[in-house]
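Enquirer: Structure for this input, please:
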Amino acid sequence: MPLKVSSRGSIPPFIVMDVMQAAAEREAAAKAVYHMEVGQPGTPAPQGVLDAAKQAIDDNRLGYTVALGIPELRAAIADHYVSSYGVHIDPSRIAVTTGSSGGFVLSFLSAFDAGDRVAMAAPGYPCYRNILSAFGIEPVSILTEAEHRYQPTPELLEKAAREHGAIDGLIVASPSNPTGTMIDAAGMAELCTYCSDNGIRLISDEIYHGITYGDQAVSALEYDDNAVVINSFSKYFSMTGWRLGWMVVPEDLIRAVECLAQNLFISAPTLSQIAGVAAFDCRPELEANVAKYAANRSLLLEQLPKAGFNRLAPADGAFYVYADVTELTNDSLSFCRRILNETGVAITPGVDFDPDRGNRYVRFSFAESHEEIAGAATALIDWSS
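Expert: Below is the predicted model of the structure:
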């Protein structure tokens, strides 16, 4: 008799990882590759973080920590909210996680039951949808347009409730992956008020905070003390492989998050936690990284139209450009494969971020070095001419 295989694993792949694998195979064959597929900073972890990690190894202080994280890191994160947003958070409400991914798992499991409905903008980060589905929670896509700056609004939430039934949760991301668009202060205040008035649990993904190209990003915590906020050391702090993130948890979820963290993860990586404390003292180095991303962004916004990519979402923050390629293809998956095979430029098809309409969109990441991004732009222009 065949053995049972759980249906939880029957979720779509994270396609960007498939693109990354195809790019790696091309590199293994000694062919040129320009990496624009993955949202991974091309900048290293700050020197202060590296020094703190080396010291922690020398001191041999790498046993388990308590489930919610070491006190020094939780206190440093709380101080960050005061200095960055003017918001005072008790460190007891901060949970250190295994990257933002661990934060998503803990927030979804603590806030929602199987059968609940959780809304999110499309296009949006695919792992929200896929993790929710694995947990038996119904993801509800809000089909946003350029006129909405690809962000949810109370009106779109009401429409989603009419079409799907009562909404139990909303995930917002500002700056967003894949579009880079942001929710301004007025828009965030409206969403927070709407969610509070309608009993909707708001989860705010703020992992790209710090990487903006004009106005600073606002935190949901500035408008709703009951919002769940998820952040990470991966993006602004250039610490992707360290697998370190955090949550700010409302009072009613603290114990649930703690029990789930104890059982699912025990604790976030100890070395990363100790080193992460030093990250908040590395602002000059981190701001220099953002300046590099800004230069890459300017280059792409100027050069991509020369390669035929002239319908671009406003890239307010993060390190992505999201392009409408309707005039070039109706099959973004095959289109991206062709571009990789013919130019060496690895980009991500929009179907990863929007199953309904992503066949006519692609995402460019500009997190790598300026030389890499410039080389990719030249290759695309040559290919299109």
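Enquirer: Quick check: longest helix in the protein by residues?
Expert: Identified as the longest helix of the chain according to DSSP state H is helix 283-303.
Enquirer: What lies in contact with that helix?
Expert: Here helix 283-303 makes contact (CB atoms under 8 Å, 6 or more residues apart in numbering) with 41, 43, 46-48, 210-213, 236-238, 279, 312, 315, 319, 321, 364, 366-370, 373-374, 377-378, 380-381. No exception for glycine: its C-beta is placed from N, CA and C like everyone else's.
Enquirer: quick one: residue 339 and residue 266, what's the gap?
Expert: Distance, residue 339 to residue 266, using CB to CB, to the nearest Å: 42 Å.
Enquirer: Kindly report the same for residue 99.
Expert: The span separating residue 99 from residue 266 equals 15 Å under the rule CB to CB.
Enquirer: Tell me which of these two has more neighbours.
Expert: Between residue 99 and residue 266, counting by other CB atoms under 10 Å, residue 99 is the more crowded of the two (24 against 12).
Enquirer: Is the more buried one in contact with residue 234, as I believe?
Expert: Yes. The pair residue 99 and residue 234 qualifies as a contact (CB atoms under 8 Å) at a distance of 6.4 Å.
Enquirer: so what's in contact with these two at the same time?
Expert: Where contact means CB under 8 Å, 6+ apart, the residues bridging residue 99 and residue 234 through contact with each are 244-245.
Enquirer: how does the chain divide into domains?
Expert: With automatic domain parsing serving as the domain definition, the record reports that the chain contains domains spanning 7-44+284-384, 47-282.
Enquirer: would TSV of those domains with mean pLDDT be doable?
Expert: Output for these, formatted as TSV (pLDDT from 0 to 100):
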stretch	mean pLDDT
domain 7-44+284-384	93
domain 47-282	97
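Enquirer: Tell me which of those approaches residue 1 most closely.
Expert: Between residue 1 and the domains of the chain, the tightest spacing by CB to CB is seen for domain 7-44+284-384, at 18.0 Å.
Enquirer: Can you report how many residues neighbour the closest residue to residue 27 other than its chain neighbours?
Expert: With CB to CB, 6 or more residues apart in numbering as the criterion, residue 27 has its nearest non-adjacent residue at 5.0 Å, and that residue is residue 33. Under the neighbour criterion other CB under 10 Å, residue 33 is assigned a count of 21.
Enquirer: Isn't residue 33 up against residue 343?
Expert: No. Here residue 33 does not reach residue 343: they are 9.6 Å apart, not a contact under CB under 8 Å.
Enquirer: follow-up on the earlier one: just the buried members of the contacts of helix 283-303?
Expert: With neighbours counted by 16 or more other CB atoms under 10 Å, the contacts of helix 283-303 contain buried members at 41, 43, 46, 48, 210-213, 236-238, 279, 312, 315, 319, 321, 364, 366-368, 373-374, 377-378, 380-381.
Enquirer: Contacts for stretch 71-86 next, please.
Expert: Contacts to stretch 71-86, defined as CB under 8 Å, 6+ apart, come from residues 68, 87-92, 94, 96, 209, 218-219, 221-222, 246, 248, 273-274, 276-277, 280.
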